[in-house]
Every structure is written in structure tokens, then in C-alpha cells.
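Just the structure for this:
(2 chains)
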Amino acid sequence: QKEVEQDPGPLSVPEGAIVSLNCTYSNSAFQYFMWYRQYSRKGPELLMYTYSSGNKEDGRFTAQVDKSSKYISLFIRDSQPSDSATYLCAMTKTSGSRLTFGEGTQLTVNP
Amino acid sequence: DTAVSQTPKYLVTQMGNDKSIKCEQNLGHDTMYWYKQDSKKFLKIMFSYNNKELIINETVPNRFSPKSPDKAHLNLHINSLELGDSAVYFCASSQVGGINEQYFGPGTRLTVT
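Just a heads-up that it's a prediction; the model follows:
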């Protein structure tokens, strides 16, 4: 069993839709949770991070962590074609330790 | 200004050959990584160096050998290439401490024929 599970999709939505991306994990030691965005033929880039449980909002993006359920989510409001990318969740046990990535979800937002 | 750069961007080679990929970062970071991303987009860590010292060495065939001449460079040499080595290889760097935000290079797309 993988430490981090993420539905690879693909996920296709119309412009303006609310998108929900999710990951589950098995290791309760994970404390830091991140979302990376990877455009086609580019390297991943950090989009958002949260520490422990709770919500964090940044513009159209909201990251949620529920440690009791070992479940994290990324919501994208008013999705745009420019949001079309692969979204990878990542998590780590302590500050500065190695990241464990999910498989990535491929998202397409259609104009 | 390119933060993390890799060369070459594309590499097509035949089975059995030996090849190298180079990585440089100008962010002043202490830690550098090599990741392999397969066709399904799964990103798997291979190696990590901190100040030229190997700190992560995942279960990778010993045909893969990283070398860090200084903390701004981390190269990857691959001997006796196999078809299964075809993938995109990403270099990344991060600063010690903090949340370990990793900055990735553009990737090297390796195709072994």
C-alpha cells in the first residue's frame, strides 16, 4: 500500500466550476501538507502548504487538512483554463525532512 | 534568472550506453535532490545531498551514481542504460529548515531505445 493515495484522474471541468482534489495517507506522523502544481513539460512548483489540521486560503485556492481522517483537499474556485495542470499532494513528517508525493491528478479546465 | 537548471533537456540514447545529467541551482540552497517521474506522473525520490553529503539514497540500482562537486551542483550518471530507465528526471533544491519547499528544475526527458 502506498503511503499517499491520490486519484490520478483525468478530471475535466468547465470554466468557472469548483474543483475538489483529494489525497489520503496512511502515516499519522505526517505533519506538513503541500500541494504542488505541474504544468505540462515543466517542473512542479509549490502552490500551497499547511501545517497540521485546518484550512488555508489563498485567492481562489483553499487547502484543507483533516488529520483525524488522514485526508487532505485542495479546492479551486472559479476555475480557469490556466489552472489546467497536474496537481500533486506532498507531505512530510518534520520540518525539512523528505517529501512523499501522491501520484498527481491531471486537471483540465475547458473554456 | 533560472533558479534550478538541468542539462540536457532531452536525451535519447540506446540501451547499454552511459549518460550524465547535470543540475545547477543558484538559490544558495544547501540540499539538492534527484527525482524520477514515470509516465504516470508518479514522482519518486532517488537521492538527496546536503552540503555535498549523501543523506537519502533510495532503493535505486547502483547503475545510478550521483555526484555533488559543490553544494550548487548535483549530477547524475547512469551506466548501462535500460529501457525501464526511460522517464523524466527532475533535480530540485531546498533550504535546510522550514517546510522544505523544494524548487524543481525543468526536467530531463530520457528515452532509452
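
Return, as residue ranges, the portions of the chain with sub-threshold pLDDT.
This is for chain A. Applying pLDDT under 70 to chain A flags residues A:95-96.

Correction: the question concerned chain B.
Ranges of chain B meeting pLDDT under 70: B:1, B:97-99.

if we go to 90?
B:1-2, B:30, B:38-42, B:49-60, B:71, B:95-102 (pLDDT under 90).

Could you list the contact residues of chain B toward chain A?
By CB under 8 Å from any CB of the partner chain, the part of chain B that sits against chain A consists of B:4, B:40-45, B:48, B:56, B:90, B:92, B:94, B:96-107. (Glycine included, C-beta is placed from N, CA and C.)

Give me the ChimeraX select line for those residues, limited to the buried ones.
In ChimeraX, a selection of the buried entries from the residues of chain B next to chain A looks like this (16 or more other CB atoms under 10 Å in any protein chain shown):
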select /B:4,41,42,43,45,48,90,92,94,99,100,101,102,103,104,105,106,107
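
and residue 84, how many neighbours does it have?
Picking chain A for this. Neighbour count of residue A:84, defined by other CB atoms under 10 Å in any protein chain shown: 17.

that's the other chain; I wanted chain B
By the measure other CB under 10 Å, the count of residues near residue B:84 is 9.

what about it, distance to residue A:36?
As judged by CB to CB, to the nearest Å, residue B:84 and residue A:36 stand 25 Å apart.

which residues are contacting stretch B:45-55?
Defining contact as CB atoms under 8 Å, 6 or more residues apart in numbering or on different chains, one finds that stretch B:45-55 is touched by A:98-99, B:30-36, B:56-58, B:60, B:64, B:66, B:68-71, B:74, B:76, B:96.

again, but for stretch A:49-65
Residues external to stretch A:49-65 that are found in contact with it (CB under 8 Å, 6+ apart): A:31-35, A:47-48, A:66-68, A:71-79, B:99, B:101.

and residue A:57, what are its bridge partners?
Note on residue A:57: beta-bridge partners residue A:62, judged by DSSP bridges.

for residue B:90, same thing?
Residue B:90 has these beta-bridge partners by DSSP bridges: residue B:35.

Contacts only, for it.
A:43-44, B:6, B:34-37, B:43, B:104-105, B:107-108.

go on, residue A:91?
A:4, A:23, A:25, A:30-34, A:72, A:99-100 are the contacts of residue A:91 under CB under 8 Å, 6+ apart.

PyMOL command to pick out the buried ones of the contacts of stretch A:49-65?
One line in PyMOL is enough to select the buried ones among the contacts of stretch A:49-65; burial here means 16+ other CB under 10 Å:
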select buried, (chain A and resi 31+32+33+34+35+47+48+72+73+74+75+76+79) or (chain B and resi 99+101)
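
Okay, and the residue in chain A that chain B sits nearest to sits in which element?
Closest approach between chain A and chain B, counting by CB to the nearest CB: residue A:43, at 3.1 Å. In this structure, residue A:43 is located outside every helix and strand according to DSSP states H and E.
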